[in-house]
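Asker: quick one, structure for this:
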Amino acid sequence: MFEKIIQNLKDRFPVEKINFENFVLKKEVPVHKLSWVYYLGGMTMFCFLIQVITGLLLLPYYQSNIINAYQSIEYITYFVPSGFLVRNLHAWSSSFMIFFAIIHLFTVFATKSYQKPRELTWMTGVILLIITLGFGFTGYLLPWNQLSVNATKVGMEILQSSTSFLPGIFKLPGEFFATNLRGGASITQSTLSRFFALHVVILPFIFLALIMIHLFLVQLHGMSKENFKVQRYEKFFPNFFIKDIAIWLFLFLVLLVIAQTIPYDSFLSYPLKAQYIDNSPTPAGIKPEWYFLFLYYPLEVLPKTFVIVGSFIVFIAILFTPIFFKKVSIKFHFLIVLFVFAYLVISTVWGGDIVQIIRK
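Answerer: Got it, this is the predicted structure:
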């Protein structure tokens, strides 16, 4: 048994491959009909780099207090040179990052690229996606407008009730985390300070640590090829690397054009974009960002306990996919991806209409 454990560790951490020659000079990338999936991880990381750079540019101007937060965003948008562009780049690249991360997860799952020895690569990737969603959630509050504050209230209420159906002390974690994230019983200055700290310090450091582990594992095991009909191989450097950079530059051009021509909040009505004032009437249309709608709309029409328990089970199944789906065929993997993708699209685009129909 001890020898088996040692062999499993050797398979997952082949230390003899940890050198510049294997990581760069000798590394090859398989070429096949689905080679484009290899670029999705890099595109996600590039969006994160844009987030970091634009975030650093916004940092000197943003004021993380409830009196001046809204005004500082207005000042960035209308008075800081290129502030409008930098802010939109930050917002749009956030959505692009989450979109590419989700598609990356889908393609890895559909092709069973998480199989031995890449189990830890998959698990770190899933956790990175959760942290990416955390970036979106914590950043949503920072403008301190009607939409951001009221949507955060909804999110905190969901978190607080997430364990309320459990018996005894097991019901306490939801309330504990919600109270500590808010810094009290309601959304106040303490909440904004905590979300700001999470968004610009804590989550980025955790993300950077995990992304380094994730990239190290990708380099260590190379690109998955077991379930593809490989036509040939190409050198990682410079061939694949140059293509990666070219895609990044094209993606940046697309983001630049979108950020310059379409304000991220242009889809919102004025009451939602207005400054939040305590005890003011809550305007209609409060809802989270698009990447949380798949969870938000079911909570509107189904028992919270059912949705929360179901979400937790799905998360565990996703995190431990290499264990639970080890013997499942690729065809069934593909069907699962189609079903989940269809659900995400329908709930995101038409979820509000479906909720209205059900309520009638």
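
Asker: the helices in the stretch 251-360 of the chain, which residues?
Answerer: Applying DSSP state H, counting those that start in this stretch to the stretch 251-360 of the chain gives helices spanning 270-273, 293-301, 304-319, 321-324, 330-359.

Asker: would you tell me which one of those helices is buried the most?
Answerer: Highest mean neighbour count of these: helix 293-301, a mean of 18 (counted as mean count of other CB atoms under 10 Å). C-betas here are computed from N, CA, C, even on glycine.

Asker: tabulate the helices of the stretch 251-360 of the chain (a markdown table), appending distance to A185 and mean pLDDT.
Answerer: Shown next, in a markdown table, are these (distance: least, CB to CB, whole Å; pLDDT from 0 to 100):
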| stretch | distance to A185 | mean pLDDT |
| --- | --- | --- |
| helix 270-273 | 25 | 88 |
| helix 293-301 | 21 | 94 |
| helix 304-319 | 19 | 94 |
| helix 321-324 | 38 | 95 |
| helix 330-359 | 28 | 95 |
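
Asker: closest to F237 out of those?
Answerer: helix 321-324 (29.1 Å; CB to CB).

Asker: so the most centrally placed residue in the chain, which of the three states?
Answerer: Per CA atoms, centre = their mean, the C-alpha nearest to the average position across the chain is that of T132, at 3.1 Å. Following DSSP: H, G, I helix; E, B strand; the rest coil, the label given to T132 is helix.

Asker: so it touches M97, yeah?
Answerer: Yes. Applying CB atoms under 8 Å, one finds T132 in contact with M97, separated by 6.2 Å.

Asker: joint contacts of the two?
Answerer: Shared contacts of T132 and M97 (CB atoms under 8 Å, 6 or more residues apart in numbering): T44, F48.

Asker: can you map out the helices along the stretch 101-250 of the chain?
Answerer: Under DSSP H, counting those that start in this stretch, the stretch 101-250 of the chain gives helices at 119-141, 146-161, 172-182, 189-197, 203-221, 241-261.

Asker: sorry, back to before: and the residue nearest to the centre of the chain, how far is that from G139?
Answerer: 11 Å (CB to CB, to the nearest Å).

Asker: so who does L299 touch?
Answerer: I158, V307.

Asker: want to throw the helices of the stretch 101-250 of the chain into a markdown table with distance to Y233 and mean pLDDT?
Answerer: As requested, those are exported to a markdown table (distance: least, CB to CB, whole Å; pLDDT from 0 to 100):
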| stretch | distance to Y233 | mean pLDDT |
| --- | --- | --- |
| helix 119-141 | 20 | 96 |
| helix 146-161 | 47 | 92 |
| helix 172-182 | 48 | 93 |
| helix 189-197 | 46 | 97 |
| helix 203-221 | 16 | 95 |
| helix 241-261 | 14 | 97 |
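
Asker: want to throw those into CSV with distance to S329?
Answerer: Formatted as CSV, these follow (distance: least, CB to CB, whole Å):
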stretch, distance to S329
helix 119-141, 18
helix 146-161, 36
helix 172-182, 37
helix 189-197, 43
helix 203-221, 23
helix 241-261, 31
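
Asker: closest to S269 out of these?
Answerer: helix 146-161 (9.4 Å).

Asker: name the helices or strands packed onto that closest one?
Answerer: Here helix 146-161 touches helix 119-141, helix 172-182, helix 270-273, helix 304-319, going by 3 or more CB pairs under 8 Å, 6 or more residues apart in numbering; DSSP states H and E.

Asker: distance from the chain centre to it, please.
Answerer: Taking CA atoms, centre = their mean, to the nearest Å, one finds the center of helix 146-161 at 18 Å from the center of the full chain.

Asker: which residues sit against that helix?
Answerer: With CB under 8 Å, 6+ apart as the criterion, helix 146-161 contacts 137, 140-142, 174-175, 177-179, 181-182, 186-187, 191, 195, 268, 271-276, 280, 282-283, 285-288, 292, 296, 299, 304, 308.

Asker: got it, and stretch 271-286?
Answerer: Contacts for stretch 271-286 (CB under 8 Å, 6+ apart): 66, 70-71, 144-151, 154, 265, 268-269.

Asker: swap in 6 Å and give it another go.
Answerer: The contact list for stretch 271-286 (CB atoms under 6 Å, 6 or more residues apart in numbering) reads Y70, W144, N145, Q146, L147, V149, N150, A151, D265.

Asker: just the buried ones among the residues you listed, please.
Answerer: Y70, W144, N145, Q146, L147, V149, N150, A151, D265 (16 or more other CB atoms under 10 Å).

Asker: mind putting the contacts of stretch 271-286 into JSON lines with distance to I354?
Answerer: Formatted as JSON lines, the contacts of stretch 271-286 follow (distance: CB to CB, whole Å):
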{"residue": "Y70", "distance to I354": "33"}
{"residue": "W144", "distance to I354": "31"}
{"residue": "N145", "distance to I354": "27"}
{"residue": "Q146", "distance to I354": "25"}
{"residue": "L147", "distance to I354": "21"}
{"residue": "V149", "distance to I354": "26"}
{"residue": "N150", "distance to I354": "22"}
{"residue": "A151", "distance to I354": "20"}
{"residue": "D265", "distance to I354": "25"}
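
Asker: list the buried residues in stretch 184-199.
Answerer: I187, T191, L192, R194, F195, F196, L198, H199.

Asker: so how far is that stretch off the chain centroid?
Answerer: The chain centroid and the centroid of stretch 184-199 are separated by 21 Å under CA atoms, centre = their mean.
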